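A.B. asks: With the sequence up front, the predicted model follows.
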Amino acid sequence: MQLRQLVNDIKDIRTIPRLDIDLDRSSTANNVPFFYQAVEAFYCSATKRHPRFPFIRFLQYGVAINTLPENHAAYLQTLEPSARRNIRKSQRMGYQFARIQYNDHLTEIGEIHRSAPVRQGPMSASLLQQNPLPINDPASQTTSHDYPYFGVFKDGQLTAYAGCLVAGEMLLLATVFGHSDHQKNGVVPLLITGIADYIYTNHPGVKFYIYDTYYGASPSLRRFKKKFGFNPTVVQWHF
């Protein structure tokens, strides 16, 4: 089955869209050094040789991307109807989206990690056994680069969170976790679409909303990504 899927994926690569994405290194000159370092680290990771297919780059073929339309209303139309139903369900149940300060929610984030020992694969022992440590990310001085965190709350309790890298034309979903007790209520869909709305308001230079890779994902995660408009794409990164 895996071999058949690999063959089909190779065939798909011939027809999927191709994009050039600018990480806008020049704008980091107007920011604190942290953001140059974060963007450089991402670029090096994205363009290193793939561990299984050394003739290609790590994030080159099959990057899961939603190319953002002109506004959030148009963005919502890129989602499948079932995704929009998930969002409405979460909102009806009283869940709310917000940008968060990561260090204010370390205990809750640890509880989210421990709520499901297996997700797309086994959770690491460190995530299951320890609360996360505080971070020291500085505040960004521009809209071109940032490393924001976002959450979904119910009655003041954090139920899902994400960490994102904003770099020039992209926003990358670097970390996404939902509490297993709340997953069925659409908290991750609300999180994903809330971030998109935030992009339009706060990062007008972002054109591409990225959720890791498509071809490296399990069948269920591929289906989830497609549902939210993240489609396989070939990317040429510019730093």
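C.D. replies: Cool, got the structure. Predicted model only: the values in this text are computed from it and were never measured.
A.B. asks: how many neighbours does the nearest residue to Ile135 once chain neighbours are set aside have?
C.D. replies: Setting aside the residues directly before and after it, Ile135 is nearest to Tyr102 in space (Cβ to Cβ, 6 or more residues apart in numbering), at 5.6 Å. All C-beta spots, glycine's among them, are computed from the backbone N, C-alpha and C. By the measure other Cβ atoms under 10 Å, the count of residues near Tyr102 is 19.
A.B. asks: Which residues are in contact with Tyr75?
C.D. replies: Listed by Cβ atoms under 8 Å, 6 or more residues apart in numbering, the contact partners of Tyr75 are 66, 68-69, 193, 196-197, 200, 229.
A.B. asks: Buried among those residues? Need that as a selection in PyMOL.
C.D. replies: To isolate the buried members of the contacts of Tyr75 in PyMOL, using 16 or more other Cβ atoms under 10 Å:
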select buried, resi 66+68+193+196+200+229
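A.B. asks: possible to save the contacts of Tyr75 as a markdown table with pLDDT and secondary structure?
C.D. replies: Shown next, in a markdown table, are the contacts of Tyr75 (pLDDT from 0 to 100; DSSP: H, G, I helix; E, B strand; the rest coil):
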| residue | pLDDT | secondary structure |
| --- | --- | --- |
| Asn66 | 97 | strand |
| Leu68 | 97 | coil |
| Pro69 | 96 | coil |
| Thr193 | 97 | helix |
| Ala196 | 97 | helix |
| Asp197 | 97 | helix |
| Tyr200 | 96 | helix |
| Gly229 | 95 | coil |
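A.B. asks: Which of the contacts of Tyr75 sits closest to Leu23?
C.D. replies: Comparing these against Leu23 with Cβ to Cβ places Leu68 closest, at 16.3 Å.
A.B. asks: Is the closest one in contact with Ile199, as I believe?
C.D. replies: Yes - counting by Cβ atoms under 8 Å, Leu68 touches Ile199, with 6.9 Å between them.
A.B. asks: joint contacts of those two?
C.D. replies: 206, 209.
A.B. asks: hang on, the earlier thing: nearest to Val235 among the contacts of Tyr75?
C.D. replies: Taking Cβ to Cβ as the measure, Val235 sits nearest to Asn66 out of these, at 13.2 Å.
A.B. asks: any idea how far the closest one is from Ile109?
C.D. replies: Using Cβ to Cβ, to the nearest Å, Asn66 is found at 25 Å from Ile109.
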